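Enquirer: How does the following fold in three dimensions:
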Amino acid sequence: MKQSILIVDDNEMMREFLANYLCKKFLVNTVGSGTEAINYLSSRKIPDLVITDLNMPLMNGHILLDKIKNNSVFAHIPVIILSGLKESSSRIKCLQAGAKDFIIKPFNPEELELRVSRTLKAA
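Expert: Prediction:
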């Protein structure tokens, strides 16, 4: 059975690109905000991995990561940050908060797929 991934990004084109690329190996669901991600998780749809952007309206990726990692039901879910923020301080903040990886946009899709696979094997 394929492992499942929840992609969280407010950019519809990015969500579609990621879903189309990753669906060959994984079951992929997408949402457009951190709020939608929490609603998705709260409906007892627990993915094997979450990939999230940081800069989103309503609830940004930092808040989403915090909500996932500080919830006893969701804390085990590995989170990969996929963001255009290049500052080392952003990467450090996310990794300290519990993110398993931080990938900077633009990115190589093959590298993303390898990092996703590696993260899922380690989980």
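Enquirer: In this structure, which residue is most central in space?
Expert: Geometric centre of the chain, nearest residue: residue 51, 1.3 Å, by CA atoms, centre = their mean.
Enquirer: centre of the chain versus the one helix or strand it maps to, how much separation?
Expert: Per DSSP states H and E: residue 51 is located in strand 49-52. In terms of CA atoms, centre = their mean, to the nearest Å, the centre of strand 49-52 is found 2 Å from the chain centre.
Enquirer: Could you find the closest non-adjacent residue to residue 39?
Expert: residue 31 (7.9 Å; CB to CB, 6 or more residues apart in numbering). In this view, the C-beta of every residue, glycine as well, is placed from N, C-alpha and C.
Enquirer: and the one you found, what does it touch?
Expert: By CB atoms under 8 Å, 6 or more residues apart in numbering, the contact set of residue 31 is 6-8, 37, 39-40.
Enquirer: Kindly reformat those as JSON lines and extend each row with secondary structure, distance to residue 14 and neighbour count.
Expert: Shown next, in JSON lines, are these (DSSP: H, G, I helix; E, B strand; the rest coil; distance: CB to CB, whole Å; neighbours: other CB atoms under 10 Å):
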{"residue": "6", "secondary structure": "strand", "distance to residue 14": "14", "neighbour count": "23"}
{"residue": "7", "secondary structure": "strand", "distance to residue 14": "8", "neighbour count": "26"}
{"residue": "8", "secondary structure": "strand", "distance to residue 14": "10", "neighbour count": "27"}
{"residue": "37", "secondary structure": "helix", "distance to residue 14": "15", "neighbour count": "27"}
{"residue": "39", "secondary structure": "helix", "distance to residue 14": "20", "neighbour count": "12"}
{"residue": "40", "secondary structure": "helix", "distance to residue 14": "17", "neighbour count": "18"}
